[in-house]
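S.K.: Let's see this in three dimensions:
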Amino acid sequence: MKNKLKTRRAASKRYQITKTGKILHKKPFRGHILEKKSSKRKRFLRQKGVVKKGDVKSINLMLPN
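M.R.: The predicted model follows:
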């Protein structure tokens, strides 16, 4: 019997998999120093971004289930 693959807990907190299989992430640059950023920029940073094609394989290894 093979060992169960464990999920990387840090990755599971940072990424979300959609029903179609895309991986979403929180956009960066929204943590602090927000005074100089425009309202429009901050509003678009609220949305989730889709992970780039080159990173998908490594993230899928971290999230086996």
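S.K.: Please compute how far whichever helix or strand residue 54 is part of lies from its chain's middle.
M.R.: Using DSSP states H and E, the element containing residue 54 is helix 53-62. On the basis of C-alpha atoms, centre = their mean, to the nearest Å, helix 53-62 sits 11 Å off its chain's mean C-alpha point.
S.K.: Using neighbour counts, pick out the buried residues of it.
M.R.: By neighbour count with 16 or more other C-beta atoms under 10 Å, helix 53-62 contains the buried residues 59, 62. All C-beta spots, glycine's among them, are computed from the backbone N, C-alpha and C.
S.K.: Using PDB, list the CA coordinates for it.
M.R.: Below are the C-alpha coordinates for helix 53-62, written out as PDB (Å, rounded to 0.1, in the frame of the first residue of the first chain):
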ATOM      1  CA  LYS A  53       0.900  28.400 -16.300                       C
ATOM      2  CA  GLY A  54       4.500  27.900 -15.200                       C
ATOM      3  CA  ASP A  55       3.700  27.700 -11.500                       C
ATOM      4  CA  VAL A  56       0.700  25.300 -11.800                       C
ATOM      5  CA  LYS A  57       2.700  22.100 -11.700                       C
ATOM      6  CA  SER A  58       4.500  22.900  -8.500                       C
ATOM      7  CA  ILE A  59       1.400  24.100  -6.800                       C
ATOM      8  CA  ASN A  60      -0.500  20.900  -7.800                       C
ATOM      9  CA  LEU A  61       2.200  18.900  -6.100                       C
ATOM     10  CA  MET A  62       1.700  20.800  -2.900                       C
END
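S.K.: how many neighbours does residue 23 have?
M.R.: 20 (other C-beta atoms under 10 Å).
S.K.: Show me the helices in the chain, by range?
M.R.: 9-14, 39-45, 53-62 (DSSP state H).
S.K.: which residues sit in contact with the residue nearest to residue 47 when sequence neighbours are not counted?
M.R.: In space, and not counting its chain neighbours, residue 47 is closest to residue 27: 6.8 Å by C-beta to C-beta, 6 or more residues apart in numbering. Contact partners of residue 27, counting by C-beta atoms under 8 Å, 6 or more residues apart in numbering, are 44-49.
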